[in-house]
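Visitor: what's the 3D shape of this:
(chains A, B and C)
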Amino acid sequence: MSEIRTEPVTINLGPQHPSTHGVFRLRVTFDGEVVVDAEPVLGYLHRGSEKLAEGRTYVQCVTLTDRMDYLASMSNNLAYVSAIEKLAHIEVPERAQYIRVISVELQRIASHLMATGFLLNDLGALATPLMYCFRERERILDLFEMLCGARITLSYMRPGGVFQDAPEDFWPALDTFLRDMPGYIDELEGLITGNEIVLTRTRDVGILTDEMAINSSITGPMLRATGVEWDLRRANPYEIYESLDFDVPIGAIGDTFDRYLVRVQEMRESLRIIKQCVQRIPNGSVRTETPYFIRPPLGDVYSAIESPKGELGFYVVSDGGISPYRWHVRAPSFINLTVLRDMLIGWKMSDLIVIFGSIDIVLGEVDR
Amino acid sequence: MIANSMTKVLSGIEMGNMISDAIPGSVLDSNETDVWIGKDDLLRVSRYLRDEKQTDFSFLTSITAIDYIEYFELVYHLLSMRRNSSLIIKSRCYGRDEELSMPSLVEVWKGADYQEREVWDLMGIRFVDHPNLKRILLWEGFDGHPLRKDYLGQDEVTEDYRE
Amino acid sequence: MEIPLIGSLDFLSVQSLISSFFPDWMAYLIAGVLLSFMVINAMVISTALYTWFERRVIGRFHSRLGPNRWGPFGLFQPLADVVKLMTKEDTVPESADRMVFNVAPVILLTSTLLVVSVIPFGDNTFLGRLNVGAIFIIGITSVNTIAILAAGWASRNKYAMLGAMRGVAMLVSYEVPMALGITGVVLMVGSLSLYDIVLLQEIPFWIVQPMGFLVFMAAASAEMSRTPFDQIEAESELGAGYHTEYSGMKFAIFQLAEFMAPVVTAIVATVLFFGGDRGWDPVPGQIWFISKVFLIIFLLLWVRATWPRLRIDQIMAFAWKGLFLMSLINIFAVSLEIILLQDPVTGLLEPNDLWVMSAINWVITIATIACMVKIFGKRKWDRPMPKKSPLANMYAEGD
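Guide: The predicted model follows:
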């Protein structure tokens, strides 16, 4: 019996699309319903941050870092200022380190809430889990507003500490948040983790093996979902993470469901970390005095932190002047996209959106 | 649980000695933090570093290209996840024309794929044997490589508008 | 108890009323036009109210307000939507097949509206007591498949065609369980007439045949393409499916038909499974009818607001492996029970027999669902324990 001749069709998941988490283009070739080839086209949000940084002073670059992964500003800030502190040998007072860790962990919760909400939006749950996640994220953004006056592009940290101390009413608000949040995470998990439809759509979908992940330089929850227990907060601790007690959740198979579950568990661990910090935080100054123009000595430094998306690193080369000579970002979302094509081939059209959503990229970081 | 350890930054001098024992003539220089590898041996050295049990650098953290006017320098940060140690490899590339080329490390670490495309896009260094060396952040048809120090922008140098 | 005017408003009585003034053939036409006008208006207005209701209720599910700007409680929001859609440019793609493109929304709307004509709202339906009401419903709802295919085909657009193809596959598959769900009810009543079905519901049939009710509701949800089966118009995937190329009033008609479907389905389900306008006396039958419709609409909305959607092949698997089996088991069980329990002389069932039947059917339903979950769903719930990969060791001390 002769077969009917079919033709693969190339469709553009264009830059403007409800599900691509930003301006991202994917040229997919389908054979019927199955993906045969997928080619990401990036660069729609490229603003030349690395070149811009060469014309700004070291402190001015902090605002550049906010706008990269705009959903996790605190993490970007921290990665950058810790690189400058390493380069210029600036000490950070202990109170500042505690406040930084609290901010970064709060930011991790906010970022994972958004990732979970949007993953479920892509699954088709008519924005109901998304609204619940956003409701909680609003509380975190209110806390940030108390800290520094902004909600999303924060620019809270400076080389040498944070730029202002937390106000008096921040701590009671944080305590209320810590008291209510575990209940909300449980409620969210109760709605989603056991849901038959979510399990059907995400179990065994988009599997990534650990060897493949390590070879493709994947980091973050995506790597941990494959079973590789690697977290920079444990492997190469920075700030005060050495003295904190928390676990690193890992996944079993590396499918979409594992990535979702790792993120939810990480949210719980972040709450643990914040609780410990609040108990132990000392009094003191929150910023060491640095000259207005920081002139680090000649040299280069690479410093990385564990941002909600993965390993966010900054490679800064200094020539002794007031601006960096070279400023490079190791963007986790950009590098996590390396495996996109291999993860998508062989799956169906609806899985494409789900797999892509589970990688959790932010276009600001991908394109810088 | 609170068990912590730091990533050991391997000494460049010791690693330089080890690499030049295995692949003679590849190490051009080394100091406490970095090892400079000649560009022709870069692929062999990378494969050696990845496969050798004692080093086991299975993870490529990042690739950076820097424009020091006389030469371009590529910096590779490597990481061994099993041993929790890291190393910095640098490699220089002389010239300023479009014929700058370096070997591509995609077959050793697949994570080099997009990063090398970005270096080609923004710095203009060609990677030999890269499976898909196209511009990634800028569009096809863009003229020039913006991150270079002598890049002037797409317009001519503008006159003072008050004139 | 009936509200007299509405209860006795059917075609024949209106025609006889008018024929005292006009010749017979004219009275026929005028009565038809008058009644259709009333029915269509009633349905369209209730659909408009339903869109408002849906948006408010889903807003509450999302812990936010729904539309609340236009009019008290946002009640004029549907009006605002209609005005917006009317003022949009009515585009037809250049390479589209004009006639089919224009006619497709009308087909969809017509097939959805026609179902209402055989529903017994009171003592009588609008078209008289059609004695094959159940088959009429099944047949007419099949026509919306053609409308969707026509819309996708005539648009000459890759996305629209993709959406239309999947839509047709899904809709055709789900007609089988829907028809079989209705068959269970028809078996018990012994007649296809919807009026008889309402008359014989001493106990509402959702209690007597829970599995039939579930099968019918699931299949009807899929026929209307509501979540969790709304793959064909999945907005967060490739475009908007079969109505990608439509804009302006044609799109408004598509939306009207899409939002009318749940109302119509709720009405049909009320008649078949909830007893139509039966209720207890002080409250008129029409109020009972409307409350039951309201309840079913709310249930459908609840499901829509809560669950994600299934993939197209999972939808098909659910239809053929899940619902088809369940409906067959239902028919088998109901037939057995009828044979065993019916009065040997008259062939009728007593209310006591209905209670016995419902008891047996509930047990069968729970057992069937438990078995199916075990067989089809077990694989998903087992999650292996996470094991650390040997490729990385965070606590190693370096070289």
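
Visitor: only the buried residues of stretch C:138-155, if you could.
Guide: Of all the residues in stretch C:138-155, those buried under the rule 16 or more other C-beta atoms under 10 Å in any protein chain shown are C:138, C:140-142, C:144-145, C:147-155. Every C-beta, even on glycine, is put in place using the N, C-alpha and C of the backbone.

Visitor: average pLDDT for stretch B:5-25?
Guide: For stretch B:5-25, mean pLDDT is 80.

Visitor: can you give me the end-to-end distance of that stretch?
Guide: By C-alpha to C-alpha, to the nearest Å, the extent of stretch B:5-25 from end to end equals 34 Å.

Visitor: and it, which residues are buried?
Guide: For stretch B:5-25, by 16+ other C-beta under 10 Å, it's B:5, B:7-8, B:10-12, B:15-16, B:18-20, B:22-23.

Visitor: same question for stretch B:127-142.
Guide: Residues B:127, B:130, B:133, B:135-138 are the ones in stretch B:127-142 that count as buried (16+ other C-beta under 10 Å).

Visitor: any stretches of the stretch 251-368 of chain A with poor pLDDT?
Guide: Within the stretch 251-368 of chain A, not a single segment meets pLDDT under 70.

Visitor: state which one residue of it is found closest to chain B.
Guide: residue A:330 (3.9 Å; C-beta to the nearest C-beta).

Visitor: list the contacts of residue B:22.
Guide: Going by C-beta atoms under 8 Å, 6 or more residues apart in numbering or on different chains, residue B:22 touches B:48, B:52.

Visitor: switch the cut-off to 7 Å
Guide: For residue B:22, the contact set (C-beta atoms under 7 Å, 6 or more residues apart in numbering or on different chains) comprises residue B:48.

Visitor: possible to save the buried residues of stretch B:127-142 as CSV with secondary structure, distance to chain A and pLDDT?
Guide: Below are the buried residues of stretch B:127-142 laid out as CSV (DSSP: H, G, I helix; E, B strand; the rest coil; distance: C-beta to the nearest C-beta, whole Å; pLDDT from 0 to 100):
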residue, secondary structure, distance to chain A, pLDDT
B:127, strand, 15, 88
B:130, coil, 13, 87
B:133, coil, 14, 86
B:135, coil, 8, 87
B:136, coil, 6, 87
B:137, coil, 4, 87
B:138, coil, 6, 87
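
Visitor: quick check, nearest of those to chain C?
Guide: Proximity of the buried residues of stretch B:127-142 to chain C (C-beta to the nearest C-beta) peaks at residue B:136, which lies at 24.6 Å.

Visitor: not counting its neighbours along the chain, what's nearest the closest one?
Guide: Spatial nearest neighbour of residue B:136, chain neighbours left out: residue B:117 (4.2 Å); criterion: C-beta to C-beta, 6 or more residues apart in numbering or on different chains.

Visitor: check contacts around the one you found.
Guide: Neighbours of residue B:117 in contact, by C-beta under 7 Å, 6+ apart: B:133-134, B:136.

Visitor: and it, how far from residue B:140?
Guide: In this structure, residue B:117 and residue B:140 are 12 Å apart, going by C-beta to C-beta, to the nearest Å.

Visitor: and what of residue C:119?
Guide: Distance, residue C:119 to residue B:140, using C-beta to C-beta: 61 Å.

Visitor: and what of residue A:274?
Guide: Distance, residue A:274 to residue B:140, by C-beta to C-beta: 46 Å.

Visitor: now do residue A:302
Guide: 31 Å.

Visitor: where do the helices sit along the stretch 101-250 of chain C?
Guide: Here the stretch 101-250 of chain C has its helices, by DSSP state H, counting those that start in this stretch, at C:133-154, C:158-189, C:194-199, C:205-208, C:210-223, C:249-269.

Visitor: any idea which residue of chain C lies closest to chain A?
Guide: residue C:309 (3.2 Å).

Visitor: what helix or strand does residue A:304 sit in?
Guide: Assessed by DSSP states H and E, residue A:304 sits inside strand A:299-307.

Visitor: adjacent strands (with direction) for the helix or strand following that strand?
Guide: Reading on from strand A:299-307 to the C-terminus, the next helix or strand found by DSSP H and E is strand A:310-318. Note on strand A:310-318: by DSSP bridges, its sheet partners are strand A:299-307 (antiparallel), strand A:326-330 (antiparallel).

Visitor: between the buried residues of stretch B:5-25, which is nearest chain A?
Guide: Checking the buried residues of stretch B:5-25 against chain A by C-beta to the nearest C-beta gives residue B:7 as the nearest, at 3.9 Å.

Visitor: could I get the pLDDT score of the closest residue to the closest one other than its chain neighbours?
Guide: The spatially closest residue to residue B:7, leaving aside those adjacent along the chain, is residue A:236, at 3.9 Å (C-beta to C-beta, 6+ apart). The per-residue pLDDT reported for residue A:236 equals 84.

Visitor: with residue A:186 instead?
Guide: On pLDDT, residue A:186 comes in at 90.

Visitor: secondary structure element holding it?
Guide: Using DSSP H and E, residue A:186 sits within helix A:170-192.

Visitor: mind listing what's buried along that helix?
Guide: Buried-residue list, helix A:170-192, by 16+ other C-beta under 10 Å: A:170, A:174, A:177, A:181, A:184-185, A:188-189, A:191-192.

Visitor: return the distance of it from the chain's centre.
Guide: 20 Å (C-alpha atoms, centre = their mean, to the nearest Å).

Visitor: spit out the contact partners of residue A:315.
Guide: Residue A:315 makes contact with A:300, A:302, A:328, A:330, B:62, B:64, B:75, according to C-beta under 7 Å, 6+ apart.

Visitor: for ChimeraX, what selects the buried ones among these?
Guide: Selection of buried members from these for ChimeraX, criterion 16+ other C-beta under 10 Å:
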select /A:300,302,328,330 /B:62,64,75
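
Visitor: deepest-packed of the strands paired with strand A:310-318, please.
Guide: strand A:326-330 (a mean of 25; mean count of other C-beta atoms under 10 Å in any protein chain shown).

Visitor: residue C:178: what's it in contact with?
Guide: Listed by C-beta under 7 Å, 6+ apart, the contact set of residue C:178 reads C:138, C:216, C:219-220, C:223.

Visitor: by neighbours, which of the residues you listed wins?
Guide: residue C:216 (30 neighbours; other C-beta atoms under 10 Å in any protein chain shown).

Visitor: the closest residue to it other than its chain neighbours: neighbour count?
Guide: Nearest residue to residue C:216 in three dimensions, chain neighbours excluded: residue C:181, at 3.4 Å (C-beta to C-beta, 6+ apart). By other C-beta under 10 Å, 28 other residues sit near residue C:181.

Visitor: over to residue A:4?
Guide: Counted with other C-beta under 10 Å, the neighbours of residue A:4 add up to 5.

Visitor: ok, now how distant is it from residue A:35?
Guide: Shown here: residue A:4 relative to residue A:35, a distance of 20 Å by C-beta to C-beta.

Visitor: what's around residue C:110, how many residues?
Guide: Neighbourhood size, residue C:110 [other C-beta under 10 Å]: 15.

Visitor: which residue, neighbours along the chain excluded, lies closest to it?
Guide: Per C-beta to C-beta, 6+ apart, closest to residue C:110 is residue C:143, 7.7 Å.
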